[in-house]
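Student: after the sequence you'll find the predicted model.
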Amino acid sequence: MQNNTFPTLFVGQSIQKLEEIDSTNNYLKLMLSNYEPLANGTVIMADHQTAGRGQYGNKWLAPAKKNLTASFFLKTDFILANDQFNLNKAVSLAVYDCLTHFLIEDCKIKWPNDIYVGNKKIAGILIENRLQGKYLKDSIIGIGLNVNQSEFYGVNHATSIFRIIKKEMDLQKVLEMLCVALEERYLQLQKGENFDKEYLKNLFRFNLLGIFRCNGEDFEGRIIGIDSVGRLMIESDNNIKHFSIKEVSFVL
Ligand code: BTN
């Protein structure tokens, strides 16, 4: 574990950089299960993940040393389990803030927590919470952010900072900005700030007519909001339906 000089109070103050690991989320989980004392805001970053994990059991593939693959340990014991989607909102907005800082325009949060530029994914977030009674205990926030990858062979819907601004970025600088943004959003969350307005303002396809898929069937609808437990609210044929994470997908 190395100490850092990021301009933060705690996120990224303790950081471990690994050359190769299966998954930084798994690594943090293992540390927790070994009862290793972890400071709030500890970061594990890897040059290369051999079995990076995405949402819904998907793989997260990233070439070595090109992109940011990191996990952040956060104490989240002030968040009610029922309100845990607020954490997703805070983290999505932090990644959004970080990208906007690097002059990435037209950045959107694709529910539940992907980050898109135009119709292409630039970052993915995998949040794994531990519960304690009615509250969360702590959370592992895994973030995969495409930074310097120039080609995405066979993948049409992915992009990177490099592809957008045509400039290579120092991964350490991107990590620093991400730590700053995450800490800011975390502190807002702790103060009880409400992210709904900002989340909806930056939500992919918000209030636009689009095609969605549910149980293999396509339908036309318009996202009108997110409910209190984080379900996507879609208006279709004058009906409002609430979809939880695995129930609906976007047809792009
Ligand atoms: C997704 O889009 O499905 C989420 C992708 C999350 C990938 C990151 S990379 C760092 C951390 N370690 C993992 O194994 N996954 C997350």
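Tutor: Alright, I've got the coordinates. The structure presented is a predicted model; accordingly, all values stated were derived computationally and were not measured. Numbers count the residues shown, from 1 in each chain.

Student: please name the nearest non-neighbouring residue to the closest residue to the ligand within the stretch 101-250 of the chain.
Tutor: Per CB to the nearest ligand atom, residue 124 is where the stretch 101-250 of the chain lies closest to the ligand, at 2.0 Å. For every residue, glycine as well, the C-beta is placed using N, CA and C. Nearest non-adjacent residue to residue 124, counting by CB to CB, 6 or more residues apart in numbering: residue 144, 4.9 Å away.

Student: can you count the residues close to the one you found?
Tutor: 23 (other CB atoms under 10 Å).

Student: for it, which residues are in contact?
Tutor: When contacts are counted by CB atoms under 8 Å, 6 or more residues apart in numbering, residue 144 touches 52, 54, 60, 62, 67-69, 123-126.

Student: out of those, flag the one nearest to residue 240.
Tutor: Checking the contacts of residue 144 against residue 240 by CB to CB gives residue 125 as the nearest, at 26.3 Å.

Student: before we move on, the earlier item: next, the residue nearest to residue 124: secondary structure please.
Tutor: strand (DSSP: H, G, I helix; E, B strand; the rest coil).

Student: can you name the residues bridging to it?
Tutor: Residue 144 forms beta bridges with residue 69, residue 124, as assigned by DSSP bridges.

Student: same check on residue 74?
Tutor: residue 139.

Student: so what does whichever strand or helix holds residue 72 touch, helix or strand wise?
Tutor: Here residue 72 sits within strand 68-75, counting by DSSP states H and E. If contacts are counted by 3 or more CB pairs under 8 Å, 6 or more residues apart in numbering; DSSP states H and E, strand 68-75 sits against helix 24-33, strand 43-49, strand 135-145, helix 171-190.

Student: using JSON lines, lay out those together with mean pLDDT.
Tutor: As requested, these are exported to JSON lines (pLDDT from 0 to 100):
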{"stretch": "helix 24-33", "mean pLDDT": "97"}
{"stretch": "strand 43-49", "mean pLDDT": "98"}
{"stretch": "strand 135-145", "mean pLDDT": "98"}
{"stretch": "helix 171-190", "mean pLDDT": "98"}
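
Student: all strands of the stretch 151-252 of the chain, in order?
Tutor: 209-214, 217-226, 232-236, 239-243, 249-250 (DSSP state E, counting those that start in this stretch).

Student: make JSON lines out of the ones you listed and add mean pLDDT, mean neighbour count and distance to the ligand.
Tutor: Formatted as JSON lines, the strands of the stretch 151-252 of the chain follow (pLDDT from 0 to 100; neighbours: other CB atoms under 10 Å; distance: least, CB to the nearest ligand atom, whole Å):
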{"stretch": "strand 209-214", "mean pLDDT": "96", "mean neighbour count": "15", "distance to the ligand": "17"}
{"stretch": "strand 217-226", "mean pLDDT": "97", "mean neighbour count": "16", "distance to the ligand": "18"}
{"stretch": "strand 232-236", "mean pLDDT": "97", "mean neighbour count": "18", "distance to the ligand": "16"}
{"stretch": "strand 239-243", "mean pLDDT": "96", "mean neighbour count": "14", "distance to the ligand": "18"}
{"stretch": "strand 249-250", "mean pLDDT": "93", "mean neighbour count": "14", "distance to the ligand": "13"}
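
Student: appreciated, that's everything.
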